[in-house]
Structures are given as structure tokens and as C-alpha cells.
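> My questions concern the predicted model and sequence given below.
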Amino acid sequence: MTILDLCAYLGLGAVGAASVNLLIGMLMALRYSPVRNWPHLRMNLFALHQWTAYCTVALALTHPLVLLLVKSPRFRVYDLVWPLNSPLQPKLNLAGAGALYLLVLVFVSSLLRTRLGRPLWRNLHYLVFPAAALLFLHSILTDPALKDGHPDLLDGGKIFVEAAAVVSLVAVGVRVWLRGR
């Protein structure tokens, strides 16, 4: 396994964890009860939502850090923090950095939710939707081989990300539809 493979797997893990976290959060928003409904078990959805958030943030933070170990093209810390000057795909990397910054903001605001108050915390929590859009944009369009910038959209990892994006988009649509009823 190469450094680029590790970077790609960390990114795929972040996408998977973020998608699961988004789905659990929407179930909580709809007041879903796993005791009354399937699987008819006592489950702490809040704790599961917290742990998937921890995993998402950890994977999303380590994903770009691995790029510092790549010999060519050479990434600097500055390129990771402000990727407009990164050696390859700067706009798509900026989308990924924006997703990461929004996820960290939502994560930190969740840790401080009792101090912030529910209205402010809730408004900040809605930033997960643009973060998800930026995350999927970055994940689908970047070239994981760091070569020519033309990703293979039928690659296994890209299909996983595309499926996660479709499932998340459908879930958001269903949530909006159910909330309106």
C-alpha cells in the first residue's frame, strides 16, 4: 500500500462515516425510535451519532496530513491549510478544505452546545449540509493518483462516494418531505 492509497482510504472512510452520521442525525431530527420501529432494540442514537462524528472528524483530519509524506508532488503544510496554491487541483482541494473546516466548526459547536444555547447550536449544525456537498464534490472530482487531474468516475472508490452522495441526497429529500407533513 502506498501513501496515496492510505490517503484515499482515509478519505473514503471519512465519506462513509460522514454519510452514516448524516443519516443518524436525520433520524434523530425526525424523532425516530429504534424501540418502536425497526430493529426493536434499545439503541442510543445520540451516542452512535457522537461516535460517528468523532470518526468522521478524525478521518477527515488525517486524510490531508498523509499528503505531507508524498514525495512528488510535494505538499507543504500551507498547501493543506490554504490549498489555493497547492501543486495539483487547487480548487477541488479548496472544496475539501472547506468541507473539513465546516465539519470541525459543527463538531466543536456540538461539544459546546450547552454553552452556546440551542438556537445558535442548531443554526450552526445546519452547516453539515453545505459541508456534505463540498465533501462529495471534492471526493468525486479529485484524481486520487495525483496525476493528470482526470479521475476515473467508474473506479470502485468513486462509485462508493457517488452511492453515498445519492443515498444522502435522497435521505435529505425524504427528511424535508416528512418534516413538512
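Nice, thanks for sending it over.

> need the longest helix for the chain.
helix 3-29 (DSSP state H).

> So what angle separates the directions of the next helix or strand after it and helix 3-29?
Tracing the chain past helix 3-29, the next element assigned as helix or strand by DSSP states H and E is helix 45-65. Orientation of helix 45-65 against helix 3-29 (axes from the mean of the first three to the mean of the last three Cα atoms, to 10 degrees) gives an angle of 160 degrees.

> Can you give me the neighbour number for the spatially closest residue to residue 70 that is not a sequence neighbour?
Beyond its immediate neighbours in the sequence, the residue positioned closest to residue 70 (Cβ to Cβ, 6 or more residues apart in numbering) is residue 3, lying 5.3 Å away. C-beta: built from backbone N, CA, C; applies to glycine. Number of residues near residue 3 (other Cβ atoms under 10 Å) recorded here: 13.

> Determine the set of other helices and strands touching the longest helix of the chain.
Applying 3 or more Cβ pairs under 8 Å, 6 or more residues apart in numbering; DSSP states H and E, one finds that helix 3-29 contacts helix 45-65, helix 128-141, helix 156-180.

> what about 6 Å?
The contact analysis (3 or more Cβ pairs under 6 Å, 6 or more residues apart in numbering; DSSP states H and E) places helix 3-29 against helix 45-65, helix 156-180.

> Let's verify residue 95: helix, strand, or coil?
helix (DSSP: H, G, I helix; E, B strand; the rest coil).

> How much space separates it from residue 15?
Using Cβ to Cβ, to the nearest Å, residue 95 is found at 13 Å from residue 15.

> Between the two, point out the one with more neighbours.
Using other Cβ under 10 Å as the criterion, residue 95 and residue 15 rank with residue 15 on top: 27 against 21.

> give the contact list for that one.
Residues in contact with residue 15 (Cβ atoms under 6 Å, 6 or more residues apart in numbering) are 139, 161, 164.

> which non-adjacent residue is nearest the last one?
On the basis of Cβ to Cβ, 6+ apart, the spatially nearest residue to residue 164 that is not a chain neighbour turns out to be residue 19, at 4.2 Å.

> The first one too?
Excluding its sequence neighbours, the residue lying closest to residue 139 (Cβ to Cβ, 6+ apart) is residue 161, at 4.4 Å.

> ok, residue 41 to residue 110 distance?
Taken as Cβ to Cβ, the span from residue 41 to residue 110 is 25 Å.

> So for those two, which sits in the more crowded spot?
residue 110 (15 against 7).

> which SSE is that one in?
helix 90-111.

> Would you list the phi and psi of the residue of the chain most remote from its centre?
With Cα atoms, centre = their mean as the measure, the chain has its most outlying C-alpha, relative to the mean C-alpha position, at residue 36: 29.6 Å. Dihedral angles of residue 36 (phi, psi; degrees, to the nearest 10) stand at phi -70, psi -40.

> ok, it to residue 43 distance?
For residue 36 relative to residue 43 (Cβ to Cβ), the value is 12 Å.
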